[in-house]
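Enquirer: kindly return the folded structure for what I paste below:
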Amino acid sequence: MTILERLQADYDRFPENQSFDLYAEDVYFKDPLNQFRGVAKYQEMIGFIQKWFINTRMEVHGIEQQDNEINTRWTLYWQAPFPWKPQMAITGRSELKLNDAGLVCSHIDYWDCSRFSVFKQLFFPVSSSTL
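Expert: Below is the predicted model of the structure:
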């Protein structure tokens, strides 16, 4: 199975059973809320999402590789763990860079919206027809 096929499979079952062996031990991760280095921290972040978010799913709109760079477009959906369980979503893209061993050494996520617009979804949830 190629790295693109394995990443697609990870996205399809996100956040369950992720292939952490695809990532370098010192992988750099950044998104609008987090920035850290290390596969252990990456596992912790995915574990947090798995534990606290409800009905989480990732829809991939595109995934392609050119040399040592992989680009993906996606939408992440979930319900927040509040009594009213608001529906939330973020669209964005990821840039993954591979090292010489073919492992992901950098994973940077870009959101198509601001952190504030995500926060607003707690009180003005995404329409269920969007989900």
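
Enquirer: tally of neighbours for Phe119?
Expert: 10 (other C-beta atoms under 10 Å). Backbone N, C-alpha and C define where each C-beta goes, glycine included.

Enquirer: again, but for Gln50
Expert: Gln50: 14 neighbours (other C-beta under 10 Å).

Enquirer: kindly report the same for Lys85.
Expert: Lys85: 13 neighbours (other C-beta under 10 Å).

Enquirer: do Asn71 as well
Expert: 13.

Enquirer: could you do Thr91 as well?
Expert: 14.

Enquirer: and the gap between it and Met58?
Expert: Thr91 sits at a distance of 11 Å from Met58 (criterion: C-beta to C-beta, to the nearest Å).

Enquirer: shared neighbours, the two?
Expert: Residues touching both Thr91 and Met58 (C-beta atoms under 8 Å, 6 or more residues apart in numbering): Trp74, Thr75, Leu76.

Enquirer: what would those residues look like in CSV with neighbour count, pLDDT and distance to Phe36?
Expert: What follows is these, written out as CSV (neighbours: other C-beta atoms under 10 Å; pLDDT from 0 to 100; distance: C-beta to C-beta, whole Å):
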residue, neighbour count, pLDDT, distance to Phe36
Trp74, 18, 98, 20
Thr75, 17, 97, 24
Leu76, 21, 97, 19
